[in-house]
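S.K.: what follows is a predicted protein model with its sequence.
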Amino acid sequence: MKSTVLIVDDEKSTRDGLRLALEDKYETFIAKDATEAARLMQDVKPDAVLTDLRMAGEDGMAVIDRALKLSPQPVCIMMTAYGDVETAVKAMNKGAYWFLQKPVDLRQLEIILERGLKARNTEKEVVALKTRLDKKFALGEVIGSSAALQKAIEQVRTVASSNATVLLQGETGTGKELFAQIVHQASPRVKGPFIAVHCAAIPANLLESELFGHEKGAYTGANERRVGRFESADGGTLFLDEVGEIDATTQIKLLRFLETRSVERLGSHKPIALDLRLVCATNKDLRQMVADGKFREDLFYRLSVVPLRLPPLRERKDDIPLLITHYFKKFSQENNSPETKISSTALPFLVGYSWPGNIRELRNTCENLSVLKSGKTIEVADLDIRLTQPAVVNPPVQSLTLQPGIFDKEKNEKNLLKQALANAGGNRTKAAESLGISRRTLHRKLLQWPELEVEIRPHS
C-alpha cells in the first residue's frame, strides 16, 4: 500500500504541482492552510507532511507541532522561500526531518521523502516488535487448563499458519478479539497490521465507508479521499467483530472482497487488490439468521471456512480459581496496592456462579474487589449478592436454602450440597449441574465431607 503524503501550502499552483509530482508514488492529500491540515491529519494519519512555512493564519510551525503529536509521527519536511536558517534549526529541533528552500528541487524532495519514510518504517518495525512482544506476554491472559479452553487454543494454532478466513463464535465476553490477536500473532502476517473494527459500534450508514473508504465527492460531506479499514489492513489481519450486525449492502461488498480479494472505494469503480487475512466474530447464531433471511447464505459459508467456538466460562469452571488469582495480581500491580486474596469459603461461590458475562464479568468483579478490599482476604459476606445465590433447578424439587446464620460458611456449603444431592436423587452429575459446578469439584467436596455420601444412591 502506498505511503500517504499531506501537502500544505496556501499557493494553489504549488500544491497542485507537488501533488502532480508525487501522486504516482504516494497517496497524496492537499490542504490550503493549517486549519484544513489539522482536520486532514485526524482523518488520514499521513506518513509524511510537507508544509510551507509562511501562510495566512497559523504558519507551518503550527502544522509541524500538530503532526508531531500524532502516533506514529509522520516525516515532517518544512518548505520556505526565505531561506531562514534560524527557522530551519528551530523546525529541526522540534522534530522536523528536513528543511527545503523554495522553489523545491523535486528530485531532492523525492530522495528526502524516500529516506525519511524508510527511517520511519524502520522505527515503526522496532515499535511493532516491542508491541508484539508485549502482546505475546499479554496473551498470558488466556489462562486455564480446562479441556474446552485447550481445544480452542489448539484449533487456533492449527489454523494460524494458513490464509483461511476464520469465524470466531462465542458469547459476549469470551475473548473473541483476544483470540483474533492470537491468530494474527501466530501467523506469517505478524509483521503486518492488526486492524479491529467493531461493526455494531459504527452506524450502518457509515460502516460501508469506514470499511471500504471513499473518494472525494462520493457523497455529501466527503470532502477528501479516505482510505478504508480494508486498505489499512493490507499485508496483515482485519478483524470484524459482531459481523452479524452488518447490513445487506455491506454484506454484498464483503462477499465481493472474499471472491475477488479486492475492494472499491465509494465513488470509484477502480478495484484495489489487497492481501489480508480476514477474521470475523459474532455472538449471534448466523445459521438462524440465514434461515430468517437476515444474513446472506453465500456470505455465511465464505466466512465460516474455519469456524472456531470459544467456550463460555461456565464450561471451564476449573479455570476460574486461576483467573481470579491472575486478576488479583494484575490489579494489585496496576494500582500499586497490596494483593487481594480469596478465602476457601468464598471461592466455591465464585466457581459455582454461572458468569453470564463470561471473562469480562469475572474481570470486572475482580477489579471491583481489588479496589474495595485491597490487601484483604475476600469472604462470602464481601461478595455481591448475585454471586452467592444458589443455581436454580428447573423445575426444582425443592428450593436450595441457606441454614440460619449465614456466616457459618462451611455449614451453609454442606447444606447446599446436601439439598442438591437430594433434589437430584443422589445423581452427582445432576447435583453438580444444579449448583453450577463441575462434577470433579463436587467429588472433592464429598471427599472433604464423607458424611454426605449417605445422600448418594448406589447406582450413581
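M.R.: Yep, it's here.
S.K.: tell me what the residue nearest to Phe257 when sequence neighbours are not counted is bridged to.
M.R.: Closest residue in space to Phe257, ignoring its immediate chain neighbours: Val263 at 5.5 Å, by Cβ to Cβ, 6 or more residues apart in numbering. Backbone N, C-alpha and C define where each C-beta goes, glycine included. When bridges are called by DSSP bridges, Val263 pairs up with Ile272.
S.K.: close enough to count as contact, Val263 and Lys270?
M.R.: No - here Val263 does not reach Lys270: they are 10.1 Å apart, not a contact under Cβ atoms under 8 Å.
S.K.: who has more neighbours, those two?
M.R.: In terms of neighbours (other Cβ atoms under 10 Å), Val263 is the more surrounded of Val263 and Lys270; the figures are 22 against 8.
S.K.: give me the number of residues near Leu106?
M.R.: Neighbours of Leu106 using other Cβ under 10 Å come to 13.
S.K.: which element is the closest residue to it other than its chain neighbours on?
M.R.: Excluding the flanking residues, the one nearest Leu106 by Cβ to Cβ, 6+ apart is Ala21, at 5.1 Å. Using DSSP states H and E, Ala21 sits in helix 12-22.
S.K.: helix or strand right after that helix?
M.R.: Where DSSP H and E defines the elements, the next helix or strand beyond helix 12-22 is strand 27-31.
S.K.: who does that next one pair up with?
M.R.: strand 4-8 (parallel).
S.K.: rewinding a little: what are the buried residues along the helix holding Ala21?
M.R.: Neighbour-count burial for helix 12-22 flags 14-15, 17-19, 21-22 (criterion: 16 or more other Cβ atoms under 10 Å).
S.K.: need those in TSV with pLDDT and distance to Met41, can you?
M.R.: Listed next are the buried residues of helix 12-22 as TSV, based on pLDDT from 0 to 100; distance: Cβ to Cβ, whole Å:
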residue	pLDDT	distance to Met41
Thr14	92	19
Arg15	92	16
Gly17	93	22
Leu18	94	17
Arg19	93	17
Ala21	93	21
Leu22	94	17
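S.K.: Gln185: which of those residues is nearest?
M.R.: Leu22 (34.9 Å; Cβ to Cβ).
S.K.: does that closest one touch Thr28 like I think?
M.R.: Yes - the pair formed by Leu22 and Thr28 meets the contact definition of Cβ under 8 Å, at 5.3 Å.
S.K.: can you list the weak-confidence ranges in the stretch 351-460 of the chain?
M.R.: Low-confidence segments of the stretch 351-460 of the chain, defined by pLDDT under 70: 390-412, 436, 450-460.
S.K.: change it to 90
M.R.: Scanning the stretch 351-460 of the chain with the threshold set as pLDDT under 90 gives 374-375, 385-386, 388-460.
S.K.: ok, which stretches of it are strands?
M.R.: Per DSSP state E, counting those that start in this stretch, the stretch 351-460 of the chain carries strands over the ranges 377-378.
S.K.: which residues in it form helices?
M.R.: Listed in chain order, the helices found in the stretch 351-460 of the chain under DSSP state H, counting those that start in this stretch are 358-372, 385-388, 409-423, 428-435, 439-448.
S.K.: save those helices as CSV, and put in distance to Lys69 too.
M.R.: Shown next, in CSV, are the helices of the stretch 351-460 of the chain (distance: least, Cβ to Cβ, whole Å):
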stretch, distance to Lys69
helix 358-372, 31
helix 385-388, 44
helix 409-423, 55
helix 428-435, 55
helix 439-448, 53
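S.K.: mind putting these into TSV with distance to Val305 and mean neighbour count?
M.R.: Listed next are these as TSV, based on distance: least, Cβ to Cβ, whole Å; neighbours: other Cβ atoms under 10 Å:
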stretch	distance to Val305	mean neighbour count
helix 358-372	25	18
helix 385-388	39	12
helix 409-423	43	19
helix 428-435	34	20
helix 439-448	35	14
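S.K.: could you dump the helix holding Ala21 to CSV, C-alpha only?
M.R.: Below are the C-alpha coordinates for helix 12-22, written out as CSV (Å, rounded to 0.1, in the frame of the first residue of the first chain):
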residue,chain,number,x,y,z
LYS,A,12,-2.7,26.6,-5.3
SER,A,13,-0.1,26.3,-8.0
THR,A,14,2.5,24.9,-5.5
ARG,A,15,0.0,22.5,-4.0
ASP,A,16,-1.1,21.2,-7.4
GLY,A,17,2.4,21.0,-8.7
LEU,A,18,3.8,19.0,-5.8
ARG,A,19,0.7,16.7,-5.9
LEU,A,20,1.2,16.0,-9.6
ALA,A,21,4.9,15.2,-9.0
LEU,A,22,4.2,12.8,-6.1
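S.K.: what's in contact with it?
M.R.: 5, 7, 9, 28, 30, 32, 50, 52, 102, 104, 106, 109-110, 113 (Cβ atoms under 8 Å, 6 or more residues apart in numbering).
S.K.: now with 6 Å?
M.R.: 5, 7, 9, 28, 30, 106 (Cβ atoms under 6 Å, 6 or more residues apart in numbering).
S.K.: stretch 372-381 now?
M.R.: Counting by Cβ under 6 Å, 6+ apart, 337-338, 340-343, 345-346, 369, 382, 409 sit against stretch 372-381.
S.K.: do the same with stretch 213-226
M.R.: By Cβ under 6 Å, 6+ apart, stretch 213-226 touches 227-228, 265-268.
S.K.: list only buried entries from these.
M.R.: By 16+ other Cβ under 10 Å, the contacts of stretch 213-226 give 227-228, 265-266 as buried.
S.K.: state the number of residues packed around the closest residue to Arg309 other than its chain neighbours.
M.R.: Once flanking residues are discounted, Arg309 sits nearest to Gln169: 5.0 Å by Cβ to Cβ, 6+ apart. As a burial measure, Gln169 scores 18 neighbours (other Cβ under 10 Å).
S.K.: what pairs with Gln169 across the strands?
M.R.: Beta bridges link Gln169 to Thr282, Arg309, judged by DSSP bridges.
S.K.: ok, it touching Val306?
M.R.: No - in this structure Gln169 lies outside contact range of Val306 using Cβ atoms under 6 Å: 11.0 Å.
S.K.: can you list the domain ranges for this structure.
M.R.: Here the domain parsing of the chain from automatic domain parsing is 4-125, 146-311, 315-352+363-381, 390-460.
S.K.: what residue is smack in the middle of this protein?
M.R.: Glu177 (4.6 Å; Cα atoms, centre = their mean).
S.K.: show residues contacting the helix or strand containing that residue.
M.R.: If you go by DSSP H and E, Glu177 is part of helix 176-185. The contact list for helix 176-185 (Cβ under 6 Å, 6+ apart) reads 156, 160, 166, 168, 170, 194, 237, 239, 279, 281.
S.K.: average model confidence for that helix?
M.R.: Rounded to a whole number, the mean pLDDT of helix 176-185 is 91.
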